[in-house]
Structures are given as structure tokens and as C-alpha cells.
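> model this:
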Amino acid sequence: MIEPNAALPPLVEPAAALTHEETRRYSRHLIIPEFGMVAQQRLKNARVLVIGAGGLGSPALLYLAAAGVGTLGIVDDDTVDESNLQRQVIHGVSDIGSSKAESARRSIHELNPLVTVQLHPVRLDAANVLEIFAGYDLILDGTDNFATRYLVNDAAEILGKPYVWGSILRFDGQVSVFWGRHGPTYRDLYPQAPPAGSVPSCAEGGVLGVLCAQIGSVMVNEAVKLVTGTGVTLLGRVLVLNALDMSWREIRVRKDPAAEQVTELEEDYEAFCGLPVRAGVDGDQEPAVDVRELQRLLAARAAGERDFDLIDVREPGEHAIVSIDGAQLMPRAGILSGENLPARGRELYVHCKSGGRSAEVAAFLRAQGYDRVFNVDGGILAWVREIEPAKVLY
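So this is what the prediction gives:
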């Protein structure tokens with residue numbers, strides 16, 4: 001095992017000589033004594049995969065392209081939304097509604113047409129991850145859920161590849177390098193996933209936009225060092241940023257000598273992370289209503305003809321932006337932890353922003369013996385679009 005603060009060998013062999021155009025473009029790299037021509041040639045020969053063209057992926061992709069990484073891969077099956085533009089700087093207003101992967105490729109080629117960009121417009125899962133990873137030297141993981149992070153870790157360990165991990169939430173960020181051949185992995189940092197719902201995603205808890213650039217740029221710095229063998233990487237160390245007081249601290253991580261090497265993927269990473277299986281009366285999905293039916297139900301409740309509870313499982317900040325009149329705020333984390341459960345014996349309708357979190361909560365409640373629980377399909381986004389268009393979307 002490589003000790004923290006020890007140098008690693010270069011990950012990539014140098015490419016052939018730089019062209020005149022490349023020499024002009026990367027000249028500020030070439031004149032650095034500790035970097036120079038050979039390091040730049042290694043970057044030219046490198047194949048780096050970035051998972052997600054979102055908050056962390058945006059600055060990472062731009063700086064990897066600017067640095068001269070020869071081939072960039074992008075895994076993202078999402079489309080650009082207006083709310084992304086607060087932090088996802090690789091996209092612009094004209095990209096709203098288009099593929100994030102395609103939008104990112106356009107921005108990369110505008111910045112550096114010498115870079116080859118390969119798109120993987122799919123959701124990463126156990127069926128495709130090994131095939132996708134096999135074509136790259138290095139992985140950058142900027143995902144915001146634990147199931148995908150464990151999937152990335154396990155696939156990288158099986159293939160013997162290093163990866164750079166970044167995480168952001170609100171004002172806090174973390175960065176590290178994991179490489180099972182030489183040091184600890186993500187499972188050494190998190191042997192077990194946090195309880196389901198205990199850590200909100202950026203969509204639920206928010207994130208300071210500029211934090212993405214701060215953490216994303218550190219991720220690129222680590223990627224450049226791994227590719228070129230320059231300096232000392234964060235392998236065995238987690239760098240933690242508190243942007244509120246602008247302080248950095250370091251946490252040491254060591255490989256668990258008792259841990260077994262990962263040799264195969266989990267069958268279900270969501271189940272591994274404690275997420276409830278969404279199984280309803282037909283075994284396929286939770287009983288649900290659409291927003292039109294919810295509107296009728298609320299009218300009947302107001303007339304005294306029905307009695308039920310409408311539960312909003314979003315975060316307080318989301319609820320403050322927009323809410324459905326008559327809904328009771330009960331954030332998902334409190335329900336999934338068992339600290340704040342709805343009253344038993346009541347008919348319950350559960351909603352969130354778009355329907356995902358509420359489906360998770362509905363499945364959990366039914367597993368706990370609540371027999372009259374219904375998910376609101378489309379969540380408050382559908383409610384505003386179809387029922388109260390005067391209300392704001394976020």
C-alpha cells in the first residue's frame with residue numbers, strides 16, 4: 001500500500017510529440033519546471049470519464065478539457081433545467097431542455113476542439129458500469145447519491161482503476177482519491193451507507209453554487225496529478241471544505257486490513273443502501289393518485305366529505321418556496337428514521353417535488369404497516385403546472 005503523502009507512478013504513458021498548435025495552447029503548462037512537456041503528453045494520451053455533467057461535472061469537464069486531456073467521457077442521461085444554471089456552468093440558457101451530455105460536449109469543443117468527447121447518455125447501473133469504465137484510465141465521480149457512489153467504487157476496484165471522488169451539500173464539500181491497488185477505497189471511508197434519508201441530496205438540501213467550482217477544481221487537480229505522476233495525491237486523505245468560514249481540514253483514511261477485496265457487484269445498490277423496495281398491491285408500484293385526483297380529494301375534504309392527511313416530505317427550504325394548501329410538512333429523513341411518523345389509522349397522501357422521494361416514503365410506511373398510503377405522482381411540480389400555475393416552480 002502507498003502511504004499518504006507518498007508519490008504515485010504516472011497513470012498514463014506519454015503520447016507522441018505535441019503539435020505546434022498544442023504547444024502554443026498548453027505553453028503555460030510546458031514552462032512549469034515540475035510539469036513540462038512529458039506531463040502534457042501524458043494528458044494528451046489520457047482517457048478520463050466524468051460521471052455527471054452537473055454541479056461538479058461542469059467545472060471538472062471544462063478544466064480537464066482546458067488542461068488538454070485527450071479523451072473525455074461523459075455519463076449523464078439528464079436534460080438541462082433552468083434550476084441547473086445556478087451552478088452547472090457548462091450549460092447556458094440556450095441549452096435548457098437539451099441533453100446535458102450533448103450540451104457539455106458543445107461547451108468542451110468550443111473551449112478546446114482538440115479534445116475527443118465520448119457520450120454515454122445512460123443511467124449508470126450494475127449492467128453497464130464495467131463495460132463503460134473499461135474504456136478509461138481514470139474516473140471522476142461527482143454523483144449525489146450513495147447507491148451510485150458504492151457502485152462506482154466497486155466497479156473501479158474490480159477493474160483496478162483509480163477514481164477521484166467529490167461531494168457537496170449546502171456549504172460543505174469533500175474530495176479524495178480512492179484506488180484499491182494502492183490504498184483505501186470509498187468503503188473504507190463509509191463501510192456502511194448512512195441511514196436512508198439521513199443525508200439529503202443537493203436537490204433536497206441545496207448547494208452554494210460556487211462550491212461546485214471549488215470542489216470540482218480540486219478534483220481536476222487530483223486527476224492531473226494521477227495522470228502525470230506529478231506531486232502527491234489525496235489517496236488516503238479526505239480534504240474537507242467549510243465554505244462558510246472558508247476553512248479546509250484533512251481526514252486520514254486507511255485501508256481496513258480485514259476488509260475483503262470487492263470481486264463482484266452488488267445485485268441491488270439501492271437495497272444495499274437501505275432504500276425501501278417500492279412494491280405495491282400488484283408488486284410493481286405504490287398505489288398512487290395524480291394531481292387532478294388530489295385536487296378533487298382536497299375539495300371533498302374541505303366540504304367535510306373526506307378525512308385524510310396530505311404529507312409533504314420535502315425539506316423546509318423547499319416548502320418555504322411553494323406548497324400545497326393544507327399539506328403537513330414532514331421531511332423524509334424524519335419519517336425514514338422513525339423519529340417523526342404520521343398518525344396511524346389515517347388515510348395518507350404523500351407528495352414531494354416530483355414524486356421520487358414520496359414514493360420512497362410511501363413504500364417505507366406501507367412496510368411499517370400503514371395500509372392506506374398513496375403517492376402523489378409528479379409531486380408539487382405537476383401540481384403547479386396543472387392546478388395552480390400562478391405558483392412558482394423551482
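> for the helix ranked longest in the chain, packing partners?
Counting residues, the longest helix found in the chain (DSSP state H) is helix 209-228. Counting contacts by 3 or more CB pairs under 8 Å, 6 or more residues apart in numbering; DSSP states H and E, helix 209-228 is packed against helix 36-45, helix 57-67, strand 138-141, strand 163-169, strand 172-178, strand 237-242. (Each C-beta comes from the backbone N, C-alpha and C, glycine too.)
> any idea which helix or strand in this protein has the lowest mean pLDDT?
Of all helical and strand segments in the chain, the minimum by mean pLDDT, DSSP states H and E falls on helix 202-205, at a mean of 82.
> going by contacts, tell me the helices and strands next to that helix.
strand 163-169.
> low-confidence regions, the stretch 201-350 of the chain specifically.
Low-confidence segments of the stretch 201-350 of the chain, defined by pLDDT under 70: 275-285.
> now the strands for it?
For the stretch 201-350 of the chain, applying DSSP state E, counting those that start in this stretch gives strands covering 237-242, 247-252, 288-289, 309-312, 328-329, 348-351.
> tell me the strands beside the fourth one, with direction?
Strand 309-312 has the following sheet partners, assigned by DSSP bridges: strand 328-329 (parallel), strand 348-351 (parallel).
> export the strands of the stretch 201-350 of the chain to TSV and tack on mean neighbour count and distance to residue 341?
Formatted as TSV, those follow (neighbours: other CB atoms under 10 Å; distance: least, CB to CB, whole Å):
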stretch	mean neighbour count	distance to residue 341
strand 237-242	17	33
strand 247-252	10	34
strand 288-289	18	20
strand 309-312	22	10
strand 328-329	13	12
strand 348-351	28	10
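> can you redo the ones you listed as JSON lines with distance to residue 129?
Below are those laid out as JSON lines (distance: least, CB to CB, whole Å):
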{"stretch": "strand 237-242", "distance to residue 129": "23"}
{"stretch": "strand 247-252", "distance to residue 129": "27"}
{"stretch": "strand 288-289", "distance to residue 129": "30"}
{"stretch": "strand 309-312", "distance to residue 129": "34"}
{"stretch": "strand 328-329", "distance to residue 129": "37"}
{"stretch": "strand 348-351", "distance to residue 129": "31"}
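> out of those strands, which is closest to residue 384?
Set against residue 384 and scored by CB to CB, the strands of the stretch 201-350 of the chain come closest in strand 348-351, at 11.6 Å.
> buried ones in the next helix-or-strand element following the closest one?
Downstream of strand 348-351, the first helix or strand assigned by DSSP states H and E is helix 356-367. Neighbour counts over helix 356-367 (16 or more other CB atoms under 10 Å) mark 357-366 as buried.
> pretty sure residue 195 contacts residue 337?
Yes: using CB atoms under 8 Å, residue 195 makes contact with residue 337 at a distance of 6.0 Å.
> thinking again about what came up before, okay, the buried residues of helix 356-367 in CSV with distance to residue 64 next?
Putting the buried residues of helix 356-367 into CSV (distance: CB to CB, whole Å) gives the following:
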residue, distance to residue 64
357, 32
358, 37
359, 36
360, 34
361, 38
362, 41
363, 39
364, 39
365, 44
366, 45
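> and these, which two are the farthest apart?
357 and 366, at 15.1 Å, using CB to CB across the buried residues of helix 356-367.
> can you map out the helices along the stretch 1-150 of the chain?
20-25, 27-30, 36-45, 57-67, 100-111, 129-133, 146-159 (DSSP state H, counting those that start in this stretch).
> tell me which of these sits nearest to residue 308.
helix 146-159 (31.8 Å).
> avg pLDDT for the closest one?
Average pLDDT, helix 146-159: 97.
> please name the bridge partners of residue 375.
Beta-bridge partners recorded for residue 375 (DSSP bridges): residue 288, residue 350.
> for residue 74, see how far away the nearest residue to residue 73 once chain neighbours are set aside is.
Distances taken as CB to CB, 6 or more residues apart in numbering put residue 49 closest to residue 73, at 4.0 Å, once the chain neighbours are dropped. Per CB to CB, to the nearest Å, residue 49 is found 8 Å from residue 74.
> mind checking how far the longest helix of the chain is from the chain centre?
15 Å (CA atoms, centre = their mean, to the nearest Å).
> relative to helix 36-45, how tilted is it?
Angle of helix 209-228 versus helix 36-45, following axes from the mean of the first three to the mean of the last three CA atoms, to 10 degrees, is 110 degrees.
> just checking, residue 104 touches residue 59?
No: Residue 104 is not in contact with residue 59 according to CB under 8 Å; the separation is 11.3 Å.
> hang on, the earlier thing: what angle separates the longest helix of the chain from strand 247-252?
Helix 209-228 and strand 247-252 meet at an angle of 40 degrees, taking the same axes, to 10 degrees as the criterion.
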